[in-house]
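> Quick one, fold the following:
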Amino acid sequence: MTTQTFEIPTEMRDFAEKSVDQARNAVGTLMSNALKAAEQAQTTGQTFQSNLQAAVVKGFDHAQTNANATFDFAQKLVRTKDLREAFELQSEFLRSQLAAIQAQAKELGSIAQNATR
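Numbers count the residues shown, from 1 in each chain. Coordinates of the predicted model:
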């Protein structure tokens, strides 16, 4: 009994080999891109968390600054001798608080801008 062997044509083997190589490259590219996306997501998450933490800390700093300014104003106000002095003190306090709030808003806006980058 003679067994006849079936031989795969060279062109078909070459085609199959190229197909396997292309599939390997495609999967490698997919995995590489997935890894890059995961790393970018992690970096973005860390950046967001860092910016959020900075904003919270800055918010508490501003709240403490504003509370201290208000208590200082109240202490000065109870020491005034007449209404004119009280009104002048109040006007000065309002001007300084308005400037402080504007500066604080600008600073928090800067933190927010950095978070969106």
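
> Just give me the neighbour total for Lys58.
Neighbour count for Lys58, taken as other Cβ atoms under 10 Å: 15. (Glycine included, C-beta is placed from N, CA and C.)

> Glu85 now?
13.

> what about it, which helix or strand?
helix 83-116 (DSSP states H and E).

> what about that helix, distance to the chain center?
When distances are taken as Cα atoms, centre = their mean, to the nearest Å, helix 83-116 is centred 26 Å away from the chain's centroid.

> Also stretch 48-68?
The answer for stretch 48-68 is 15 Å, by Cα atoms, centre = their mean.

> ditto for stretch 37-51
Taking Cα atoms, centre = their mean, one finds stretch 37-51 lying 7 Å from the centre of the chain it belongs to.

> Going by neighbour count, which residues in that stretch are buried?
Asn51 (16 or more other Cβ atoms under 10 Å).

> Make residue 1 into 552 and carry on from there
OK, 552 is where the count begins now, so the last one is stretch 588-602.

> contacting residues around it?
When contacts are defined by Cβ atoms under 8 Å, 6 or more residues apart in numbering, stretch 588-602 is touched by residues Ile662, Ala663, Asn665, Ala666.

> circling back to that earlier point, buried ones in the helix holding Glu636?
For helix 634-667, by 16+ other Cβ under 10 Å, it's Phe644, Gln655, Ile662.

> helices or strands up against it?
Other elements packing on helix 634-667 under the criterion 3 or more Cβ pairs under 8 Å, 6 or more residues apart in numbering; DSSP states H and E are helix 561-629.

> now the helix it packs on against helix 634-667, angle please.
If you take axes from the mean of the first three to the mean of the last three Cα atoms, to 10 degrees, helix 561-629 sits at 170 degrees to helix 634-667.

> For Ser642, see how far away Thr631 is.
The gap separating Thr631 from Ser642 is 12 Å, by Cβ to Cβ, to the nearest Å.

> tell me the contacts of Ile559?
Ile559 neighbours (Cβ under 8 Å, 6+ apart): none.

> Tell me the confidence at it?
Ile559 carries a pLDDT value of 79.

> Would you quantify the distance from it to Lys569?
For Ile559 relative to Lys569 (Cβ to Cβ), the value is 14 Å.
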